[in-house]
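[1] Provided below are the primary sequence and the corresponding predicted coordinates.
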Amino acid sequence: MALMPGLQINIGQQLKLTPQLQQSIKILQYSALEVQQTIESTLETNFMLEVYDENEELASEERNDIEADSAVDSDAEPAPLDIEQANKISDELELDCQWDEVFADHTASSSQSSVADYVSAETYTASEKSLHDHLYWQSDIYPWNERQQIIAPYLIDDINDEGYLSSSLPQLLEAIQENELDLHVTSEELSEVLGVVQQFEPTGVGARDLQESLLLQLGVVKSTPFVVTARQLIKEHFDWLTYQDHKRIKKMYALNDEELHQILKLIQSLNPRPGRTFSATQTEVVVPDLRLRRNRQDGWIVELNADAFPRLTVNSAYVDLASQVQDSNESKKIKEQLTEAKGLIKSIHSRGETLLKVGKFIVEKQQRFFEEGEQAMQPLVLREVAEHLDLHESTISRATNQKYIQTPRGTFELKYFFSSGVSQYGSADQSAIAIKAHIKALIDEEDPKKPLSDSKLMQLLEEKGISVARRTIAKYREALNLPSSSERKKLNKFKF
């Protein structure tokens, strides 16, 4: 069959996102902090966009009022000045201070306060010292030989923020041999240098695992009862501690309950993460997008956080200038800047409207939570919000991820209020979050000597009208990082 060129017409549908819609979707999924960063970067590059300053507008209005008043006063005839009365002050004038207070020596008082209030610049500037900085400082003053001085930085660089070696000694030895071809380091030399590094502060640093770190820390403990037994227990039977096999420990080392309690107390006083002392912890900044407040008349009110974003507007002066520009290239550039500015303003405005709708529905659905707490949380899924607001589930997902609401009970991420429902017999479904809160409350109130089993928890929940399977309770308990009843009994026995 011969191949012949030809034309074909196909009819089909395609969905294409406009640049404006793409930007709106991107802005909606951004967190408040990311939106602020986007605004700042756009302000630096787009001269058509500016921050609306309400104080500046009020100041201009005041200037206009003053100018208007001065114009009116200038038209009126000035009142005659009575020279004799001008230098007199009425005795009936009430003063809230004495004249000597008003005309006090301002220079002397200000100089004294300025000296007292002076704070040096060093008070305001401080550099954080990392774990590696501290280890390198100790390494610099240690009397290494030439070979050890080359090996030590490899070990220090491999120590993570928690104070442990990230790589094994064979891996470190291989890395040194690849980079230091003329050194020919042996495993004995590497172990010797590691032994020195493990003597640095903080105690326990440079260990390869938790067991070694605890032994290093116990190695510097002196004049403490049971330190030898604790060191021997960790070295020989560390797995017994892990599994909390206290009965076998007491039998092996001939200990009574009080002696075992003292040993466990000593071990628990050690630091399982020695490097955290010098680790710089950065606090995550959470900017709430919404605020919830209660009004006696209107009840719960959800509003956008006005402090989260600056109010944006288009610079009217540049808009007027754009109409006067004759150069086509310059005019095109101005129009592009104007389109970008208007698009960003519209996207942020659309984001705020969507968050406000979603926030109002969540507060309406979870009103009992804000009044009673977690145990009153209602089941809620994305589909329910999407159907009520006539939006797509993906839009609701973007509008609740990394979006926060500030409430009288604290600041929560919007997706926190979503949880699946557990079916109940003859009653409304229960939220998984509410059931977890009930389980945690029951365990917190239990008798430490007789912890509640999962079966007993199931019975107590049924008394509250909550029907949950035992395996579901076990799953929720593990999600809350709560041990089983037998493990809690062991832990409660040696609590101090």
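    That came through fine.
[2] for the rest of this, base every contact and every neighbour count on C-alpha atoms.
    Fine.
[3] so, low pLDDT: which residues of the stretch 1-150 of the chain?
    1-2, 14-17, 53-128 (pLDDT under 70).
[4] sorry, wrong one. I was asking about the stretch 351-496 of the chain.
    Applying pLDDT under 70 to the stretch 351-496 of the chain picks out residues 421, 423-428, 492-496.
[5] residue 260: what's it in contact with?
    For residue 260, the contact set (Cα atoms under 8 Å, 6 or more residues apart in numbering) comprises 246, 250.
[6] where do the strands sit along the protein?
    Taking DSSP state E as the test, the strands found in the chain are 49-51, 290-295, 299-304, 312-314, 404-407, 410-413, 421-422, 430-431.
[7] dump the C-alpha coordinates for the third one into PDB.
    As requested, the backbone C-alpha atoms of strand 299-304 are provided in PDB (Å, rounded to 0.1, in the frame of the first residue of the first chain):
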ATOM      1  CA  GLY A 299     -20.400  34.200  68.600                       C
ATOM      2  CA  TRP A 300     -17.200  32.900  66.900                       C
ATOM      3  CA  ILE A 301     -15.800  35.300  64.300                       C
ATOM      4  CA  VAL A 302     -13.100  34.300  61.700                       C
ATOM      5  CA  GLU A 303     -11.100  37.000  60.100                       C
ATOM      6  CA  LEU A 304      -7.900  37.300  58.000                       C
END
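[8] and it with strand 290-295, angle?
    Inter-element angle recorded for strand 299-304 and strand 290-295: 150 degrees (by axes from the mean of the first three to the mean of the last three Cα atoms, to 10 degrees).
[9] paired strands for strand 299-304, with orientation please.
    Strand 299-304 pairs in its sheet with strand 290-295 (antiparallel), by DSSP bridges.
[10] mind putting the strands of the chain in a markdown table, mean neighbour count and distance to residue 484 included?
    Formatted as a markdown table, the strands of the chain follow (neighbours: other Cα atoms under 10 Å; distance: least, Cα to Cα, whole Å):
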| stretch | mean neighbour count | distance to residue 484 |
| --- | --- | --- |
| strand 49-51 | 19 | 57 |
| strand 290-295 | 16 | 38 |
| strand 299-304 | 16 | 40 |
| strand 312-314 | 18 | 55 |
| strand 404-407 | 20 | 34 |
| strand 410-413 | 14 | 29 |
| strand 421-422 | 17 | 22 |
| strand 430-431 | 23 | 23 |
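[11] what's the closest of those strands to residue 202?
    For these, proximity to residue 202 was assessed by Cα to Cα; strand 410-413 is nearest, at 36.1 Å.
[12] so what touches that closest one?
    With Cα under 8 Å, 6+ apart as the contact definition, strand 410-413 has outside contacts at 288, 400, 401, 402, 403, 404, 405, 406.
[13] which of these sit farthest apart?
    Maximum pairwise distance among these (Cα to Cα): 15.0 Å, between 401 and 406.
[14] turn the contacts of strand 410-413 into CSV, columns for distance to residue 51.
    Below are the contacts of strand 410-413 laid out as CSV (distance: Cα to Cα, whole Å):
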residue, distance to residue 51
288, 20
400, 27
401, 27
402, 25
403, 23
404, 24
405, 24
406, 25
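[15] what does stretch 158-165 rub up against?
    Contacts for stretch 158-165 (Cα under 8 Å, 6+ apart): 131-132, 155, 166-167, 204-209, 273-276, 279.
[16] and of the residues you listed, the nearest to residue 250?
    Nearest to residue 250 among those, counting by Cα to Cα, is residue 209 at 25.1 Å.
[17] skip the chain neighbours and tell me the closest residue to the closest one.
    Using Cα to Cα, 6 or more residues apart in numbering and skipping residues adjacent in sequence, the residue nearest residue 209 is residue 164, 6.8 Å away.
[18] can you count the residues close to the one you found?
    Neighbours of residue 164 under the rule other Cα atoms under 10 Å: 22.
[19] for stretch 137-152, buried residues please.
    Residues 139, 148, 151, 152 are the ones in stretch 137-152 that count as buried (16 or more other Cα atoms under 10 Å).
[20] for stretch 158-167, same thing?
    For stretch 158-167, the neighbour count (16+ other Cα under 10 Å) marks 158, 159, 160, 161, 162, 163, 164, 165, 166 as buried.
[21] got it, and stretch 384-401?
    Under the neighbour-count criterion of 16+ other Cα under 10 Å, stretch 384-401 has 385, 386, 393, 396, 397, 398, 399, 400, 401 buried.
[22] residues touching the third one, list them.
    Okay, so that is residue 393. Residue 393 makes contact with 382, 383, 385, 386, according to Cα under 8 Å, 6+ apart.
[23] skip the chain neighbours and tell me the closest residue to it.
    Per Cα to Cα, 6+ apart, closest to residue 393 is residue 386, 5.4 Å.
[24] can you give me the buried ones in the top helix by length along the chain?
    Secondary structure of the chain per DSSP state H: the longest helix is helix 328-365. Of all the residues in helix 328-365, those buried under the rule 16+ other Cα under 10 Å are 331, 334-335, 337-338, 340-348, 350-352, 354-356, 358-363, 365.
[25] stretch 240-257 now?
    For stretch 240-257, by 16+ other Cα under 10 Å, it's 246, 249, 255.
[26] could you give the angle of the longest helix of the chain to strand 299-304?
    Relative orientation of helix 328-365 and strand 299-304, computed by the same axes, to 10 degrees: 160 degrees.
[27] now helix 328-365, how far from the centre of its chain.
    When distances are taken as Cα atoms, centre = their mean, to the nearest Å, helix 328-365 is centred 26 Å away from the chain's centroid.
[28] now do that helix: which elements does it pack against?
    On a contact count with 3 or more Cα pairs under 8 Å, 6 or more residues apart in numbering; DSSP states H and E, helix 328-365 meets helix 19-29, strand 290-295, strand 299-304, strand 312-314, helix 316-324, helix 382-389, helix 393-400.
[29] quick one, what contacts residue 248?
    residue 240.
[30] what do you get for residue 23?
    For residue 23, the contact set (Cα under 8 Å, 6+ apart) comprises 343, 344, 347.
[31] name the nearest residue to residue 238, ignoring sequence neighbours.
    In this structure, residue 238 finds its nearest non-sequential neighbour in residue 211, 7.1 Å apart by Cα to Cα, 6+ apart.
[32] give me the number of residues near the one you found?
    Residue 211: 16 neighbours (other Cα under 10 Å).
[33] test my guess that it contacts residue 232.
    No. Using Cα atoms under 8 Å, residue 211 is not in contact with residue 232, being 11.3 Å away.
[34] picking up where we left off before, widest-spaced pair of the buried residues of stretch 158-167?
    Greatest spacing in the buried residues of stretch 158-167, by Cα to Cα: 158 and 162 (11.3 Å).
[35] residues contacting residue 490?
    residue 244.
[36] can you tell me how far it is from residue 138?
    42 Å (Cα to Cα, to the nearest Å).
[37] ok, residue 228 next?
    For residue 228, the distance to residue 138 equals 29 Å [Cα to Cα].
[38] and if you look at residue 230?
    29 Å.
[39] now residue 433
    Distance from residue 433 to residue 138, by Cα to Cα: 50 Å.
[40] quick one: residue 28 from residue 35, how far?
    Relative to residue 35, residue 28 is positioned 9 Å away (Cα to Cα).
[41] higher neighbour count, those two?
    Counting neighbours by other Cα under 10 Å for residue 28 and for residue 35 shows that residue 28 has the greater number, 26 against 18.
[42] partner residues bridging the nearest residue to residue 341 once chain neighbours are set aside?
    When the adjacent residues along the chain are set aside, residue 341 lies closest to residue 49, with 5.4 Å between them (Cα to Cα, 6+ apart). Judged by DSSP bridges, the bridge partners of residue 49 are residue 314.
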